[in-house]
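1. dropping the sequence and predicted coords here.
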Amino acid sequence: MCISKAREENLVLTLEEGCCLSSTRGPIRHLVISSNWKRAKDVFDSMLDLWHVRSLTVYGEWRPYFISEKMRFLRVLDLEDTLRFKNHHLDEIGQLHHLRYLSIRENIWYLPNSIGNLSHLQTLDIKGTRIFELPATVTKLRKLRHLRTTGSLLGTENENGRVFYKYWKMDCMRRHSMTWFHCRCLQCQGRMCHGGPALLLSLVKLYWSTQRSELGWNMHDILNLHRSLWACLHKCVDGVKAPGGTGKLASLQTLGVVNVTRGKEKVIKELSALTQLRKLGVAGIKEGNGKRSWSAIAAHNQLRSLTVHGDDIDGCLGTVILKGEWVGVLSWEVRLGGGLFPPEHLESLKLIGRLHKVPQWMQRLQYLSKLDLKGSRLDKADEIETLGSLPNLAVLRLRGGAIVLEHLHFVGPSFPILLALELNGEPNLVTFEKRRDA
């Protein structure tokens, strides 16, 4: 009813197939462009009163004229479901001085420095993009409350292939024997290979390709694509690199995923200064920075959600951990040693990496309602039973080799209020059973 009333008063206008713009009167506050609306620049410019638009949401293909010079007071720009949105379309984003919410997806590789001009920005959502480094001007956004980023540019082999999809689509790499050699380079576990020179050759051919203009790419798009692919080859893809001065963003309540290794000591120290954090995601915790990183995390007693991506290591603080063929091996038990414990009021916890075993400190999380384990490789049934003692656990996700058990049985009073159980990517699991009787 509220939506209907808003449309009657022209507060919300949805451009979709069959809509009649001639009946549109008065100022428009919220503009939604549907994917089935015929993109017509003359209609958009001449028949709509865009001076009062405060919110713009776009579904389907993007057109540069969607952000008009008339939208000087735009506060919300939601491009989460927008297609064919390119890096150079963000070049003028710094002129939207009143913007408070910005959400982008697609294959965006970088944020322009002008992002620092958005002094009123409260939410910056770039989760799902290919951005792996934040510009230094982000630290000017002193009103920023939520900064959501991509956890990893790489994951499964299919995801790795999608990173190179743009090069493949331009048809410049398929004509060379090095075409899919780049994807194989991603599996070199950080070893040097010949991917760099091949990428440079592809960059030159990409610039002179006829398909470049057809896809609406400019030179900035190509250079940043090349830069991101180079990062993929060198495995610099878990979390974003945060600039120095991140600790000045005192209003932050959501941050992550941030790579504490790429930021070295500065990021770890500045995490402690963000006293308002309620949701945090970090990557790159390893032997050299484990204690300092966990110390910074443990200091945030107000945290309600924590996500941690593990790095590829052989051992931690003298404890040898066998990796086998798995990447992301990590001993969380040793990492959180020395009397350090996670914030006790955590409601959501996600651990991506090898669990030597279910750590004892997890039993202290009496408020935990959601637990997500990926790549843990737990091989003992009693480890899962330990999780069953958490009194408020309602959602349990076991993904990507979290367990290597053939039989999973929940018996008796374990998991008393479990509402949802996700088993995804567990090839060893044969049977699952949950019984209330002991």
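-> Now that the structure is in, tell me what you want to look at.
2. make it CA atoms for all contacts and neighbour counts henceforth
-> OK.
3. okay, now the unreliable bits of this structure?
-> Applying pLDDT under 70 to the chain picks out residues 1-10, 22-25, 153-237, 263-265, 311-340, 436-438.
4. domain-wise, how is it divided?
-> 2-84, 157-233, 246-435 (automatic domain parsing).
5. give the buried residues for whichever strand or helix holds residue 385.
-> Here residue 385 sits within helix 381-387, counting by DSSP states H and E. Buried residues in helix 381-387, defined by neighbour count with 16 or more other CA atoms under 10 Å: 381, 384, 385, 386, 387.
6. which among those gets closest to residue 87?
-> Residue 87 lies nearest to residue 387 out of the buried residues of helix 381-387, by CA to CA, at 44.2 Å.
7. for the closest one, what are its contacts?
-> Neighbour list for residue 387: 358, 362, 363, 415 [criterion: CA atoms under 8 Å, 6 or more residues apart in numbering].
8. mind running it again at 10 Å?
-> For residue 387, the contacting residues are 358, 359, 362, 363, 371, 393, 396, 414, 415, by CA atoms under 10 Å, 6 or more residues apart in numbering.
9. before we move on, back to that, helix or strand right after the helix holding residue 385?
-> Using DSSP H and E, the next helix or strand after helix 381-387 towards the C-terminus is strand 395-399.
10. buried ones in whichever helix or strand comes after that next one?
-> Once strand 395-399 ends, the next helix or strand along the chain (criterion: DSSP H and E) is strand 407-411. Residues 408, 410 are the ones in strand 407-411 that count as buried (16+ other CA under 10 Å).
11. stretch 418-426 now?
-> So, applying 16+ other CA under 10 Å, buried residues of stretch 418-426: 418, 423, 426.
12. show me what the second one is bridged to.
-> Beta-bridge pairing for residue 423 (DSSP bridges): residue 398.
13. quick one: it and residue 254, what's the gap?
-> In this view, residue 423 and residue 254 are 28 Å apart by CA to CA, to the nearest Å.
14. which stretch of helix or strand covers residue 32?
-> strand 30-33.
15. which residues touch whatever helix or strand comes next after that strand?
-> Tracing the chain C-terminally past strand 30-33 and defining elements by DSSP H and E, one meets helix 41-46 next. With contact meaning CA under 10 Å, 6+ apart, helix 41-46 is reached by 15, 21, 50, 63, 64, 65, 66, 68, 70.
16. just the ones of those in helices?
-> Assignment to helices by DSSP state H places none of the contacts of helix 41-46 there.
17. and those residues, which are buried?
-> Looks like these have 15, 50, 63, 66 buried, using 16+ other CA under 10 Å.
18. reformat those residues as TSV; add distance to residue 245.
-> Converted to TSV, those look like this (distance: CA to CA, whole Å):
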residue	distance to residue 245
15	42
50	37
63	35
66	34
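19. narrow these to those in strands?
-> If you go by DSSP state E, these have residue 15 in strands.
20. show me which pair in the buried ones among the contacts of helix 41-46 is furthest apart.
-> 50 and 63 (15.7 Å).
21. quick one, what contacts residue 350?
-> 281, 305, 306, 307, 308, 309, 370, 371, 372, 373, 374, 397.
22. how about it, secondary structure?
-> For residue 350, the secondary structure call by DSSP: H, G, I helix; E, B strand; the rest coil comes out as strand.
23. what do you get for residue 371?
-> Under three-state DSSP, residue 371 comes out as strand.
24. now do the strand holding residue 32: which elements does it pack against?
-> Judged by 3 or more CA pairs under 10 Å, 6 or more residues apart in numbering; DSSP states H and E, strand 30-33 is in contact with strand 12-15, strand 55-61, strand 76-83.
25. how many neighbours does the nearest residue in space to residue 118 that is not next to it in sequence have?
-> The spatially closest residue to residue 118, leaving aside those adjacent along the chain, is residue 97, at 5.1 Å (CA to CA, 6 or more residues apart in numbering). In terms of burial, residue 97 registers 18 neighbours under the definition other CA atoms under 10 Å.
26. so what's residue 97 up against?
-> With CA under 10 Å, 6+ apart, residue 97 has these contacts: 72, 73, 74, 75, 115, 116, 117, 118, 119, 120, 121.
27. could I get those residues as a markdown table with secondary structure and neighbour count?
-> Shown next, in a markdown table, are the contacts of residue 97 (DSSP: H, G, I helix; E, B strand; the rest coil; neighbours: other CA atoms under 10 Å):
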| residue | secondary structure | neighbour count |
| --- | --- | --- |
| 72 | coil | 18 |
| 73 | coil | 17 |
| 74 | coil | 24 |
| 75 | coil | 20 |
| 115 | helix | 25 |
| 116 | helix | 21 |
| 117 | helix | 19 |
| 118 | coil | 24 |
| 119 | coil | 19 |
| 120 | coil | 18 |
| 121 | coil | 24 |
